[in-house]
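Undergrad: Could you work out the structure for the sequence below:
(one chain, ligands or ions: 1)
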Amino acid sequence: MIFSQTAQALAAHIPLSVDEIKGLLEVPPNLEMGDVALPCFQLAKQMKKSPTVIAEELAKTITTQGMTCSAAGPYLNVTFDRKAVVEQWLSAVLEPTFGRSNVGKGKRVIIDMSGPNIAKPLGIGHLRSTMIGNALYNIYKVVGYNVVNVNHLGDWGTQYGKLLVAYFKWASHDAIKESPIQEYLRLYVQFHEEVEAHPELETQAREWFHKLEQKDPEAYRLWEEFVKESLNEFNRMYERLDVKFDYVMGESFYNDKMQAVIDELQEKGLLVESDGALVVRLDEEGLPPCIIVKSDGASIYATRDLATAIYRHETMQGEKLLYVVGGDQILHFRQVFHVLKKMGYDWADECVHVPFGLMKFEGKKMSTRKGRIVMLDDVLDEAVQQAHSIIAEKSNNLNDQAGASEAIGIGAIVFGDLKNNRMNEINFSMEEALSFDGETGPYMQYTYARAQSILEKGSFEHVASIKGDHLTAASAWQLLKHVTEYPNALIQSAKLNEPSIVARYAIELAQLFNRFYHQERLLVDDAEEKQAKLTLVEAASRTMAKCLHLLGLKTPRRI
Ligand code: ARG
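TA: Predicted structure coming up:
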């Protein structure tokens, strides 16, 4: 609020737009100097005066109610009259629609997220796509986009030829009954071990994938089994993470849509032969060629992604296509988007790859080939178990310990991921993520529960008017100012496809709330003062819950 209100007040007096002014505004180094500062250096050229003179003149001319302006050298400092604005701001942030905006203008966005590969466990790597995608999905909705998400399952490709060969040779049916994904993974690993000594396995795998592409009944039936078993497992995980999909459409969905793409590329003169394969050259773009059909005639990931993008644009009416996929696929998406561009699809400019860095888990990387994989299920179980022992120690009269442990354990993992700038490589430490102090999920949830318990103890009720004089202390004022910035955090986060902006906003909110809680006596005897303070607690805790829900965390009322 302070930024937009200041910018609006200043706009009448300086030759810049409200948005330009907003971009210049800063927070002064300490609260005594004011709430916002305008550095006047940039204006000097335009207004042909020295920054100091500009600041002085502005200080004199601006007489907006509720604001006091003063010059400090080349800076114009603005101080809000706390008493005058507190009431109005509090009622604004308590509106149920607070945070909603219409920057998305109903534009239809399709978010490609999660996309695990069939017959392999959902690893910690897919967790990032799932959680970043889920947060963006929620945030985009609130800022006014018409958004749907799609789980683009990796259910097609030459690797299923390999799995078929391994299945016929080495599968244990008992093991499959017991734990299908584990057994598929074991088969996949065995294939890669054996192929080194027996290169003919590679040829067989190619043949079996070819059969699968021809819908050979035996190959197809087994493939269907792989898909079914995998989805069972994935769905269990999505349920735990509370993630829902509007569409689950695997790569195989595009099997009958690829020939049209190949024909179109051919017609547009974009396909050339290279070592027996058909490729689109991307020399002008400075990229390696994009392979469309392999030399053995098998279809390929990139071709499926071309068909997918066209389908999402034309049939699903997506105006903006977002792909939340790891940074190791940056080249792939650049190639795909450039090929679309070459086909004459200008909407390719609205295709955005949202990459993210690698997540190592206690120093270990994910690699399915070697069977060294960090299993999401295990990670979640471990987190929940640890959360449980912490809670058992901390809280004595909690009814739903199991529910709270699940919420906190999973919240710790999710928050531990999302608080990082998405491109950062994360070395995840369970101990750190589960700590109740520090910038963690449990800290956030605990702060929320603390706020709830204060509201309960103080029998908070909404009162129509709040006396601003009770909320003028520095800690209350800082907290309220931060609460009012919530809508901006969402807009920024959607603009940069960066859920960490919401997470960092929430961390600061929790810190400011805790400062307010420690510095002020909240449950005072004076009813009017108590209700005013509790109203601020309510505003902060509501905003906190909104942030956590957007990020995919649950907020138990008691911990
Ligand atoms: N299945 C792929 C993988 O695990 C991710 C799919 C991403 N989405 C896409 N449209 N290519 O690497």
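
Undergrad: Residues of the stretch 101-250 of the chain that sit close to the ligand?
TA: 112, 115, 117, 152, 154 (CB under 6 Å from any ligand atom). (Each C-beta comes from the backbone N, C-alpha and C, glycine too.)

Undergrad: how about those, which pair is most distant?
TA: Greatest spatial distance among these (CB to CB): Asp112 and Asn117, at 14.2 Å.

Undergrad: what's the closest of the residues of the stretch 101-250 of the chain next to the ligand to Asp469?
TA: For these, the closest approach to Asp469 (CB to CB) belongs to Asp112, at 52.1 Å.

Undergrad: Next, the closest one: phi, psi?
TA: Backbone torsions of Asp112, given as degrees, to the nearest 10, read phi -90, psi 110.

Undergrad: Excluding covalently adjacent residues, which one is nearest to it?
TA: Closest residue to Asp112 apart from its sequence neighbours, by CB to CB, 6 or more residues apart in numbering: Tyr323 at 4.6 Å.

Undergrad: Which one's more surrounded, Asp112 and Asn117?
TA: Taking other CB atoms under 10 Å, Asp112 and Asn117 do not tie; Asp112 has more neighbours (26 against 21).

Undergrad: Counting by contacts, list what the helix or strand bottoming out on mean pLDDT in the chain packs against.
TA: Least confident helix or strand of the chain, by mean pLDDT, DSSP states H and E, is strand 359-361 with a mean of 82. Applying 3 or more CB pairs under 8 Å, 6 or more residues apart in numbering; DSSP states H and E, one finds that strand 359-361 contacts helix 124-142, strand 426-428.

Undergrad: where along the stretch 51-200 of the chain do the helices fall?
TA: For the stretch 51-200 of the chain, helices defined by DSSP state H, counting those that start in this stretch occupy the ranges 51-61, 82-93, 124-142, 159-170, 173-178, 180-194, 200-213.

Undergrad: tell me the most buried of those helices?
TA: Scoring the helices of the stretch 51-200 of the chain by mean neighbour count under mean count of other CB atoms under 10 Å gives helix 124-142 as the most buried, with a mean of 24.

Undergrad: Any stretches of this structure with poor pLDDT?
TA: Applying pLDDT under 70 to the chain flags the ranges 363-373, 396-397.

Undergrad: quick one: buried residues of stretch 431-445?
TA: Neighbour counts over stretch 431-445 (16 or more other CB atoms under 10 Å) mark 433-436, 439-445 as buried.

Undergrad: Show me what stretch 452-464 is in contact with.
TA: Identification of contacts with stretch 452-464 by CB atoms under 8 Å, 6 or more residues apart in numbering yields 94, 517, 522-523, 530-531, 534-535, 537-538, 541, 557-558.

Undergrad: how does it look with 7 Å?
TA: 522-523, 530-531, 534, 537-538, 541, 557 (CB atoms under 7 Å, 6 or more residues apart in numbering).

Undergrad: just the angle between the helix or strand harbouring Met544 and helix 124-142, please?
TA: Using DSSP states H and E, Met544 maps to helix 527-551. Interaxial angle, helix 527-551 versus helix 124-142 (axes from the mean of the first three to the mean of the last three CA atoms, to 10 degrees): 130 degrees.

Undergrad: Packing partners of helix 527-551?
TA: helix 82-93, helix 124-142, helix 401-418, helix 441-457, helix 474-484, helix 500-519 (3 or more CB pairs under 7 Å, 6 or more residues apart in numbering; DSSP states H and E).
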